[in-house]
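Enquirer: sequence and predicted structure are below.
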Amino acid sequence: MKDDVIICRCEDVTYGEIVRAIEAGLETTEEIKRILRCGMGPCQGRTCSGLIARIIAEKTGNNLAEIELPKTRPPARPVEIGILAKRDHEEDS
Amino acid sequence: MKKTADCVIIGGGVVGCATAYYLAKRGMTDCVVLEADYLSSGATGRCGGGIRQQWSTTENTQLAIESVKVFGGLEEELGADIEFLQGGYLVLAYTDEDVEQFRKNVALEQALGLDVETLTPHEINERVVPELNTDGVLLGTYCPSDASANPFLTTQAYADAARRLGVEIDLFTPARRIVTENGRVTGVETDGGFISTPRILNAAGSHSAPLAATAGVELPITPYRREILVTEPLERFFHPMIISFSFGIYFRQTKHGAVLGGFADPDEPSGFNETSSLEFLRVMCGKLTHLMPVLRSVKVVRQWAGLYDMTPDALPILGPVDGVQNFFQASGFSGHGFMIAPKVAMLLAQLITGSRPDLDIERLGLRRFAEGVVTRDKSVV
């Protein structure tokens, strides 16, 4: 694959950047996410996490099935602050 | 993994990695950092990334002022981008109690050389953040040299620099027991085997208390969950971290453009709970729409939680402990470890290598709790 192929579309992270991170010792999806931001954008890694796991498997020789995907964090989809905002008159839940 | 080391550092957060770097820089290169998960997987990587010098105690203020000086040169020294930005901190007062306390804080901070000033609500809107809703705000204290940085990149930069100097960093290797003999440290039992060492640094955040207990050292540290959220990125339109202790909020806009912030729920029970709650999301969004109405249509993309390792006085426990020789302490940061990490790490490296620290931190030793002299820092958010 060419170095400049975009793997994380939300944060514009390329294949080359991910390969260099793995070569520098970041061998899990959680570490790569934190340093390169892939998976931190609006899609929360739905597009790139599986691809990154495959690149890790390819470069480290580890079994793809054993490579964990990053922990998913709420909200499942981006939601506007104004919609989420608790109003003063609402009871505590 | 090494079987012996001159020093074993437990905890791969910013404090552990920075101390490893400064130890190696001082010549103690035979160090091992043990991290139970990945780097900055604990409190460091879950924090807001703020670097505040405005505190109510001399200790925190001095450590923060000195750390800002180090942060300023860190990208050049470590050869890495850490997204360091000096956007300032704006602290909002809503009550008469706030006002009285802030006047004392500003006097203390100015005496220590900090560029902090008091602003009226009008001045806040005119000079610092036009978009801020200042209804109910009595005054603000503003320090333009307060800053922020990316905690992941900072920790990684320290770790990479430490590795280049010969430090070994073992990830996914939990420390299980600190082994002592005749009142001295002799080694650490880990999931990867035993490491023989004459000295350890306990920088394991909320996990530092159970770990210290394995060596018979009792630390008054209690974990509390703290939650935080981040939005989609926007063009940067405000620069300071905006915080209030009485309103209960802190938020900033990162270099990347996202708005990131949280608040501490005063009713949060102690414990190791690190799950996210819908209630936090809703209350936090309510606070944000009140203070910054323009954020109403901005989307939240992610929320998470982390642990504050709280001490009774909200000050860290640093340095040697009574009873176990060469057991060094660096935890109990109470929610502000990242911002004081550079100076704290330098001082610990001085202590561990047998030098006199260039800033007196004896007052921050574990012994203070036995002596019953506890002045709580009131500026914890």
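Expert: That came in fine, so what should we check first?

Enquirer: up against chain A, what does chain B have?
Expert: Within chain B, the positions near chain A by CB under 8 Å from any CB of the partner chain are B:38-41, B:45, B:152-153, B:156, B:160, B:231-232, B:256, B:276, B:278-279, B:281-283, B:285-286, B:288-289, B:295-304. In short, each C-beta sits where N, CA and C put it, glycine included.

Enquirer: change it to 7 Å
Expert: Proximity of chain B to chain A is confined to B:38, B:40, B:45, B:152-153, B:156, B:232, B:276, B:279, B:281-283, B:285-286, B:288-289, B:295-304 under the rule CB under 7 Å from any CB of the partner chain.

Enquirer: can you flag the buried ones in these?
Expert: Buried by 16 or more other CB atoms under 10 Å in any protein chain shown: B:38, B:40, B:45, B:152-153, B:156, B:232, B:276, B:281-283, B:285-286, B:288-289, B:295, B:298-304, out of these.

Enquirer: any idea of the pLDDT on A:M1?
Expert: A:M1 is assigned a pLDDT of 85 by the prediction.

Enquirer: no, scratch that, I was asking about B:R252
Expert: Predicted confidence (pLDDT) at B:R252: the value is 98.

Enquirer: burial of it, as a residue count?
Expert: A count of nearby residues for B:R252, using other CB atoms under 10 Å in any protein chain shown, gives 24.

Enquirer: just say helix, strand or coil for it.
Expert: Using DSSP: H, G, I helix; E, B strand; the rest coil as the criterion, the local structure at B:R252 reads strand.

Enquirer: in the stretch 51-200 of chain B, what residue comes closest to chain A?
Expert: Distances from the stretch 51-200 of chain B to chain A, computed as CB to the nearest CB, single out B:F152 as the nearest residue at 4.3 Å.

Enquirer: if we can go back for a sec, from the residues of chain B next to chain A, which ones fall inside strands?
Expert: Secondary-structure check on these using DSSP state E: residues within strands are B:232, B:299-304.

Enquirer: longest helix anywhere in chain B?
Expert: Counting residues, the longest helix in chain B under DSSP state H turns out to be helix B:58-78.

Enquirer: repeat for chain A
Expert: For chain A, the helix with the greatest residue count under DSSP H is helix A:49-60.

Enquirer: which ones are touching A:P75?
Expert: B:V300 (CB atoms under 7 Å, 6 or more residues apart in numbering or on different chains).

Enquirer: for it, which three-state class applies?
Expert: At A:P75, secondary structure determined by three-state DSSP is coil.

Enquirer: name the nearest residue to the residue at minimal distance from the centre of chain A, sequence neighbours excluded.
Expert: Closest residue to the average C-alpha location of chain A: A:G39 at 2.0 Å, with CA atoms, centre = their mean. Using CB to CB, 6 or more residues apart in numbering or on different chains and skipping the chain neighbours, the partner closest in space to A:G39 is A:G45 (3.1 Å).

Enquirer: now for the one you found, how many residues are close by?
Expert: By other CB under 10 Å, neighbour count at A:G45 equals 23.

Enquirer: can you check B:F333 too?
Expert: Burial of B:F333, expressed as a neighbour count using other CB under 10 Å, amounts to 32.

Enquirer: over to B:P316?
Expert: Applying other CB under 10 Å, we find 25 other residues in the vicinity of B:P316.

Enquirer: list the contacts of it.
Expert: When contacts are counted by CB under 7 Å, 6+ apart, B:P316 touches B:331-334, B:337, B:344, B:364.

Enquirer: if we go to 6 Å?
Expert: Taking CB atoms under 6 Å, 6 or more residues apart in numbering or on different chains, we find B:P316 in contact with B:332-333.

Enquirer: now it: phi and psi?
Expert: Backbone dihedrals for B:P316, given as degrees, to the nearest 10, come out at phi -70, psi 160.

Enquirer: what about the strands in the stretch 151-300 of chain B?
Expert: In chain order, the stretch 151-300 of chain B shows strands spanning B:168-170, B:175-181, B:184-190, B:193-196, B:200-202, B:222-233, B:241-244, B:249-253, B:258-263, B:299-310, with DSSP state E, counting those that start in this stretch as the criterion.
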